[in-house]
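Enquirer: Provided below are the primary sequence and the corresponding predicted coordinates.
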Amino acid sequence: MSRLNRFGVSMESNLLESFDHFIAKHGFHNRSEAIRDLIREKLSLEKDEKTGRVMGTITIIYNHHIRNLSEELTDIQHHYQEYILFSNHVHITHEDCLEVIVVRGEERTLRDLANRIGGQRGVSMALPSFFTLALS
Ligand code: NI
């Protein structure tokens, strides 16, 4: 590991308070460790964005008894139709459905898609799993 450098960080009290909650929730030992981790993650995301496209799946579990949820999920997927190669649906219990959506495109867009799906009431999981495609 290369030498550690110290630098000062200024931020508003409420932001720092939220950050400390984040640190406690995610089990970081201290602020420095958490900041390092966040920076690494952000830089890695940016690198993926620069290298372009990814491919993978978004696996979702949802309760189809929730009013309008199935229609809403269909609407969202139509909005992103150019990124979706196909999807498969499995009925896992009386009310729960599992869907695997195979996607290809810019990672940022695909993460937006996963977040939009995951943000719907009645969706208990929206798990993105992507790998980077080499540019051709
Ligand atoms: Ni189903």
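Expert: Done, it's in.
Enquirer: use CA for all of it now, contacts and neighbours both
Expert: Fine.
Enquirer: around the ion, pick out the residues from the chain.
Expert: 91, 97 (Cα under 5 Å from the ion).
Enquirer: how about low-confidence regions in the chain?
Expert: Residues of the chain that meet the criterion pLDDT under 70 lie in 1, 47-52, 134-136.
Enquirer: find the nearest non-adjacent residue to the spatially most central residue of it, please.
Expert: Nearest to the mean C-alpha position of the chain, counting by Cα atoms, centre = their mean, stands residue 111 at 5.0 Å. In this structure, residue 111 finds its nearest non-sequential neighbour in residue 128, 7.1 Å apart by Cα to Cα, 6 or more residues apart in numbering.
Enquirer: for the one you found, give the beta-bridge partners.
Expert: Residues in a beta bridge with residue 128, per DSSP bridges, are residue 58.
Enquirer: next one: it from residue 58, what distance?
Expert: 4 Å (Cα to Cα, to the nearest Å).
Enquirer: does residue 129 touch residue 56 like I think?
Expert: Yes - the criterion here is Cα atoms under 8 Å, and residue 129 meets it with residue 56 at 5.5 Å.
Enquirer: between these two, who's got more neighbours?
Expert: residue 56 (21 against 16; other Cα atoms under 10 Å).
Enquirer: once you drop chain neighbours, what's closest to that one?
Expert: In space, residue 56 is closest to residue 130, 4.2 Å off (Cα to Cα, 6+ apart).
Enquirer: cool, and residue 100?
Expert: residue 59 (4.5 Å).
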